[in-house]
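[1] pasting the structure only:
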């Protein structure tokens, strides 16, 4: 059996194991029972806060997009444009593609000059050219999203104070756009500009919600829509929403603090073998160069990488929590 057949056998075995895992790993009974108890509590509760939260959950579940439109667009190019807009940067599609191509070409040349293996250098260069810009864009999107969610309860409380003082909703949105710094002020400024050119407030808010894809802002839009349909005190409803969002942010911080040690251990354990391998290869290529020549070492290295990936995936699932 040559190396190519061994690689195909290992890949097929890995795919079979993953399919078996996905087939037999059903939903967690603990989480399902907790969801049912929470649904019963919301259904029979007389509290206004619980009823609003139950309505928001139903609306979010009903408006959940399909998998193909999960990014908020109809094609991969549109999804990438949307991600670039969410990052808050001035990058264009051409700049993104040129950057990816430059990273891939640079790393391919460096690895080829260092190892002398053209196929390996090209493979690693292509993966790095596609992965590094994607990871950088994810970092910028997450950073801007965190900044938005941190300031968003303050913006809602400013809306509540404006409504209680007698201002209409559109005027309070303008006040938020001027007074709240960062991404919140930028997004509310775009909302007020859309309203000024003739769009309804619901359409302007929904366009921002579809583009940002942030659950806290979706709650805000759904709360306004429910209030318009059912009536009631909008200021009190928004005050309850601000309180819910602050508690949600506190819970996220508590979970991050409790799982930080496990995440750090997972990162170190998962990345250390690859880092040591790369450093030894960079310092003394002859010492570890047999991995690129001996078929047995190549298969063993790929098997080790696969099992390391499985371990990192399991550790990541163990420290991820739903809120």
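    Everything's here; your move. Values in this document were obtained by computation on a predicted structure and should not be read as measured data.

[2] what's the burial count for residue 184?
    Residue 184 is flanked by 24 other residues according to other C-beta atoms under 10 Å. Every C-beta, even on glycine, is put in place using the N, C-alpha and C of the backbone.

[3] same deal with residue 145?
    20.

[4] quick one, what contacts the nearest residue to it once chain neighbours are set aside?
    Distances taken as C-beta to C-beta, 6 or more residues apart in numbering put residue 214 closest to residue 145, at 5.9 Å, once the chain neighbours are dropped. Neighbour list for residue 214: 145, 148, 149 [criterion: C-beta atoms under 8 Å, 6 or more residues apart in numbering].

[5] going on from the helix or strand where the last one lies, what's the next piece of helix or strand?
    Going back to what we said before, that points to residue 149. If you go by DSSP states H and E, residue 149 is part of helix 118-164. Moving toward the C-terminus from helix 118-164, the next helix or strand (DSSP H and E) is helix 169-179.

[6] May I see the buried residues of the helix or strand following that next one?
    Helices and strands here follow DSSP H and E; after helix 169-179, the next one along the chain is helix 183-196. Using 16 or more other C-beta atoms under 10 Å as the test for burial, helix 183-196 gives 183, 184, 185, 187, 188, 189, 191, 192, 194, 195.

[7] mind checking how far the residue lying closest to the first one once chain neighbours are set aside is from residue 215?
    Read that as residue 183. Sequence neighbours aside, residue 148 is the residue nearest to residue 183 in space, at 4.3 Å (criterion: C-beta to C-beta, 6+ apart). Computed with C-beta to C-beta, to the nearest Å, the distance linking residue 148 and residue 215 is 11 Å.

[8] Which one of the two is surrounded by more residues?
    residue 148 (21 against 16).

[9] Check which element follows the lengthiest helix in the chain along the chain.
    Longest helix of the chain, by residue count under DSSP state H: helix 234-283. Where DSSP H and E defines the elements, the next helix or strand beyond helix 234-283 is helix 285-288.

[10] What residues of the helix or strand following that following helix count as buried?
    As assigned by DSSP H and E, the chain's next helix or strand after helix 285-288 is helix 295-318. Using 16+ other C-beta under 10 Å as the test for burial, helix 295-318 gives 298, 299, 302, 308, 315.

[11] Point out where the stretch 151-300 of the chain drops to low pLDDT.
    For the stretch 151-300 of the chain, applying pLDDT under 70 flags the ranges 289, 292-293.

[12] What spatial separation is found between residue 128 and residue 107?
    Residue 128 is 5 Å from residue 107, where distance means C-beta to C-beta.

[13] residues contacting residue 228?
    So residue 228 contacts residue 202 (C-beta under 8 Å, 6+ apart).

[14] wait, residue 212
    With contact set as C-beta under 8 Å, 6+ apart, residue 212 has these partners: 86, 145, 148, 187.

[15] what about the closest residue to the last one other than its chain neighbours, how many neighbours?
    Closest residue to residue 187 in three dimensions, ignoring its sequence neighbours and counting by C-beta to C-beta, 6+ apart: residue 208, at 5.6 Å. The burial metric for residue 208, expressed as a neighbour count using other C-beta under 10 Å, is 18.

[16] how about residue 208, what does it touch?
    Going by C-beta under 8 Å, 6+ apart, residue 208 touches 187, 190, 191, 217.

[17] List the buried residues for stretch 151-160?
    Neighbour counts over stretch 151-160 (16+ other C-beta under 10 Å) mark 151, 152, 153, 155, 156, 157, 158, 159, 160 as buried.
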